[in-house]
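Colleague: got a predicted structure plus its sequence, pasted below:
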Amino acid sequence: MKRRTFLEAVAVTPLTFTAIGCDSSARPPATATEQDVAAMRRDWKALLAPGADVTLSTEPLQRSEAEWKKSLTPAQFDVLREDGTEPAHSSPLDREKRPGVFVCAGCGLPLFTSRMKYDSGTGWPSFITHIPGHLGTKKDFKLILPRTEYHCIRCGGHQGHVFDDGPPPTKQRWCNNGVALRFVPAKQG
(Lines give C-alpha, C1' and ligand atoms only; values in the text may rest on other atoms or scores of the structure.)
Protein backbone atom coordinates (compact mmCIF):
# COMPACT_ATOMS: atom_id res chain seq x y z
CA MET A 1 0.00 0.00 0.00
CA LYS A 2 1.30 3.45 -0.86
CA ARG A 3 2.20 5.64 2.12
CA ARG A 4 -0.23 8.41 1.12
CA THR A 5 -3.15 5.97 0.77
CA PHE A 6 -2.31 4.45 4.14
CA LEU A 7 -2.14 7.87 5.85
CA GLU A 8 -5.45 8.94 4.29
CA ALA A 9 -7.10 5.72 5.52
CA VAL A 10 -5.72 6.22 9.03
CA ALA A 11 -6.95 9.82 9.11
CA VAL A 12 -10.47 8.98 7.89
CA THR A 13 -11.10 5.85 9.99
CA PRO A 14 -11.69 7.61 13.37
CA LEU A 15 -13.94 10.15 11.64
CA THR A 16 -16.02 7.37 10.12
CA PHE A 17 -16.57 5.71 13.50
CA THR A 18 -17.38 9.07 15.09
CA ALA A 19 -19.94 9.85 12.40
CA ILE A 20 -21.58 6.48 12.94
CA GLY A 21 -21.68 6.91 16.72
CA CYS A 22 -22.99 10.46 16.55
CA ASP A 23 -25.73 10.05 13.96
CA SER A 24 -28.54 12.25 15.16
CA SER A 25 -31.15 11.37 12.57
CA ALA A 26 -33.50 10.20 15.35
CA ARG A 27 -34.56 13.59 16.66
CA PRO A 28 -37.50 14.47 18.87
CA PRO A 29 -40.31 16.62 17.54
CA ALA A 30 -39.55 20.33 17.73
CA THR A 31 -41.69 21.23 20.71
CA ALA A 32 -39.42 23.43 22.84
CA THR A 33 -39.49 27.18 22.31
CA GLU A 34 -36.83 29.75 23.17
CA GLN A 35 -38.97 30.69 26.18
CA ASP A 36 -39.01 27.03 27.27
CA VAL A 37 -35.22 26.86 27.07
CA ALA A 38 -34.87 30.10 29.03
CA ALA A 39 -37.16 28.63 31.71
CA MET A 40 -35.13 25.37 31.77
CA ARG A 41 -31.95 27.36 32.41
CA ARG A 42 -33.52 29.69 34.95
CA ASP A 43 -35.67 27.22 36.92
CA TRP A 44 -33.40 24.18 37.01
CA LYS A 45 -33.35 24.02 40.82
CA ALA A 46 -37.06 23.07 40.78
CA LEU A 47 -35.92 19.54 39.83
CA LEU A 48 -33.33 19.33 42.61
CA ALA A 49 -34.53 17.15 45.47
CA PRO A 50 -34.37 18.71 48.94
CA GLY A 51 -31.18 17.58 50.67
CA ALA A 52 -29.72 16.12 47.45
CA ASP A 53 -26.06 15.09 47.61
CA VAL A 54 -24.78 17.80 45.23
CA THR A 55 -22.63 20.91 45.42
CA LEU A 56 -23.69 24.32 44.19
CA SER A 57 -20.20 25.79 44.46
CA THR A 58 -18.34 26.43 41.21
CA GLU A 59 -15.13 27.13 43.12
CA PRO A 60 -12.38 25.13 41.34
CA LEU A 61 -11.67 21.74 42.91
CA GLN A 62 -8.04 20.62 42.90
CA ARG A 63 -7.11 16.97 43.45
CA SER A 64 -4.03 14.95 42.64
CA GLU A 65 -4.16 12.13 40.11
CA ALA A 66 -3.91 9.65 43.01
CA GLU A 67 -6.89 11.28 44.76
CA TRP A 68 -8.94 11.10 41.54
CA LYS A 69 -8.02 7.43 41.02
CA LYS A 70 -9.13 6.68 44.58
CA SER A 71 -12.50 8.45 44.27
CA LEU A 72 -13.48 7.36 40.72
CA THR A 73 -14.07 4.01 39.06
CA PRO A 74 -11.58 3.13 36.29
CA ALA A 75 -14.22 3.97 33.63
CA GLN A 76 -14.99 7.32 35.28
CA PHE A 77 -11.28 8.13 35.55
CA ASP A 78 -10.76 7.31 31.86
CA VAL A 79 -13.54 9.67 30.74
CA LEU A 80 -13.33 12.46 33.32
CA ARG A 81 -9.55 12.73 33.73
CA GLU A 82 -8.18 11.29 30.45
CA ASP A 83 -10.85 12.53 27.99
CA GLY A 84 -11.98 9.00 27.12
CA THR A 85 -15.30 8.01 25.55
CA GLU A 86 -17.54 5.24 26.82
CA PRO A 87 -19.07 2.83 24.30
CA ALA A 88 -22.39 3.94 22.81
CA HIS A 89 -25.50 2.43 24.45
CA SER A 90 -23.49 1.38 27.53
CA SER A 91 -24.97 3.85 30.01
CA PRO A 92 -28.36 3.40 31.68
CA LEU A 93 -28.53 7.20 31.89
CA ASP A 94 -29.19 7.29 28.15
CA ARG A 95 -32.57 5.70 28.95
CA GLU A 96 -33.24 7.67 32.17
CA LYS A 97 -36.65 9.35 31.97
CA ARG A 98 -37.48 10.32 35.57
CA PRO A 99 -37.55 13.99 36.63
CA GLY A 100 -34.30 15.07 38.22
CA VAL A 101 -30.84 16.53 37.81
CA PHE A 102 -27.70 15.14 36.15
CA VAL A 103 -24.57 16.04 38.12
CA CYS A 104 -20.85 15.64 37.46
CA ALA A 105 -19.75 12.20 38.70
CA GLY A 106 -16.43 13.71 39.74
CA CYS A 107 -17.58 16.53 42.00
CA GLY A 108 -21.38 16.61 42.23
CA LEU A 109 -21.96 19.91 40.41
CA PRO A 110 -25.36 19.97 38.63
CA LEU A 111 -24.88 20.16 34.84
CA PHE A 112 -28.23 19.27 33.23
CA THR A 113 -31.85 18.52 34.14
CA SER A 114 -34.26 15.92 32.83
CA ARG A 115 -36.17 18.73 31.04
CA MET A 116 -33.05 19.46 28.98
CA LYS A 117 -32.59 15.82 27.94
CA TYR A 118 -33.78 14.27 24.69
CA ASP A 119 -33.25 11.01 22.82
CA SER A 120 -30.73 11.78 20.09
CA GLY A 121 -30.51 8.16 18.98
CA THR A 122 -26.73 8.22 19.42
CA GLY A 123 -26.47 5.94 22.44
CA TRP A 124 -25.22 8.70 24.79
CA PRO A 125 -27.28 10.97 27.05
CA SER A 126 -27.96 14.13 25.05
CA PHE A 127 -29.24 17.54 26.07
CA ILE A 128 -30.44 20.65 24.21
CA THR A 129 -28.91 23.04 26.75
CA HIS A 130 -27.14 23.04 30.12
CA ILE A 131 -27.20 24.78 33.49
CA PRO A 132 -25.63 28.22 32.95
CA GLY A 133 -22.13 28.74 34.34
CA HIS A 134 -21.51 25.07 35.11
CA LEU A 135 -19.73 23.97 31.91
CA GLY A 136 -16.66 25.24 30.09
CA THR A 137 -15.68 24.55 26.49
CA LYS A 138 -12.51 24.24 24.45
CA LYS A 139 -11.53 23.15 20.94
CA ASP A 140 -10.61 19.49 20.54
CA PHE A 141 -8.48 18.41 17.55
CA LYS A 142 -8.03 14.75 18.54
CA LEU A 143 -9.90 13.55 15.44
CA ILE A 144 -8.14 16.10 13.18
CA LEU A 145 -11.31 18.09 12.49
CA PRO A 146 -12.09 20.54 15.30
CA ARG A 147 -14.85 19.70 17.76
CA THR A 148 -16.05 21.54 20.84
CA GLU A 149 -15.28 19.58 23.99
CA TYR A 150 -16.96 20.56 27.24
CA HIS A 151 -16.03 19.96 30.84
CA CYS A 152 -17.29 20.56 34.37
CA ILE A 153 -16.33 24.08 35.39
CA ARG A 154 -15.62 22.98 38.98
CA CYS A 155 -13.39 19.89 38.63
CA GLY A 156 -12.41 20.14 34.96
CA GLY A 157 -13.78 16.65 34.29
CA HIS A 158 -14.36 15.86 30.60
CA GLN A 159 -18.07 15.33 29.91
CA GLY A 160 -18.43 15.12 26.13
CA HIS A 161 -18.80 17.23 22.99
CA VAL A 162 -21.37 19.74 21.78
CA PHE A 163 -22.60 19.53 18.19
CA ASP A 164 -24.81 21.84 16.11
CA ASP A 165 -27.19 19.09 14.94
CA GLY A 166 -29.67 19.11 17.83
CA PRO A 167 -33.36 19.98 17.80
CA PRO A 168 -34.73 23.52 17.73
CA PRO A 169 -34.65 26.03 19.19
CA THR A 170 -31.00 25.66 20.32
CA LYS A 171 -30.01 23.25 17.53
CA GLN A 172 -27.38 22.01 19.98
CA ARG A 173 -26.66 18.44 21.07
CA TRP A 174 -24.67 18.27 24.28
CA CYS A 175 -23.55 14.65 23.84
CA ASN A 176 -22.42 13.39 27.26
CA ASN A 177 -20.68 10.29 28.52
CA GLY A 178 -23.11 8.67 30.95
CA VAL A 179 -20.26 7.44 33.16
CA ALA A 180 -19.28 11.09 33.72
CA LEU A 181 -22.70 11.82 35.22
CA ARG A 182 -24.70 10.83 38.26
CA PHE A 183 -28.49 11.13 38.22
CA VAL A 184 -30.28 12.61 41.24
CA PRO A 185 -34.05 11.96 41.05
CA ALA A 186 -36.32 14.88 41.91
CA LYS A 187 -38.03 12.69 44.52
CA GLN A 188 -35.63 10.92 46.86
CA GLY A 189 -36.56 7.63 48.41
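Modeller: Structure's in. What do you need?
Colleague: so which residues of this structure form helices?
Modeller: Here the chain has its helices, by DSSP state H, at 3-21, 34-42, 65-71, 74-82.
Colleague: need the least confident one among those helices, by mean pLDDT.
Modeller: Lowest mean pLDDT within those: helix 3-21, a mean of 36.
Colleague: burial measure for residue 183, as a count.
Modeller: Using other CB atoms under 10 Å, residue 183 has 18 other residues around it. (Each C-beta comes from the backbone N, C-alpha and C, glycine too.)
Colleague: gap between it and residue 128?
Modeller: Plainly put, residue 183 is 17 Å away from residue 128 if you go by CB to CB, to the nearest Å.
Colleague: quick check, pLDDT for the residue lying closest to residue 85 once chain neighbours are set aside.
Modeller: Closest residue to residue 85 apart from its sequence neighbours, by CB to CB, 6 or more residues apart in numbering: residue 177 at 6.3 Å. Looking at residue 177, its pLDDT is 98.
Colleague: residue 177 and residue 41, how far apart?
Modeller: 22 Å.
Colleague: out of the two, which sits in the busier spot?
Modeller: Neighbour comparison, residue 177 and residue 41: the larger count goes to residue 177, with 27 against 16 (by other CB under 10 Å).
Colleague: if we can go back for a sec, show me what contacts the residue nearest to residue 85?
Modeller: 79, 84-86, 91, 124, 158-160 (CB atoms under 8 Å, 6 or more residues apart in numbering).
Colleague: before we move on, what about residue 171?
Modeller: For residue 171, the contact set (CB under 8 Å, 6+ apart) comprises 164-165.
Colleague: per-residue pLDDT, it?
Modeller: 96.
Colleague: before we move on, what about residue 92?
Modeller: Looking at residue 92, its pLDDT is 97.
Colleague: what segments of this structure are strands?
Modeller: Remark: strands assigned in the chain by DSSP state E are 100-104, 110-113, 117-118, 126-127, 135-140, 147-152, 158-163, 173-176, 181-185.
Colleague: closest one to residue 51 among these?
Modeller: strand 181-185 (10.3 Å; CB to CB).
Colleague: show me what that closest one is packed against.
Modeller: Contacts defined by 3 or more CB pairs under 8 Å, 6 or more residues apart in numbering; DSSP states H and E place strand 181-185 against strand 100-104, strand 110-113.
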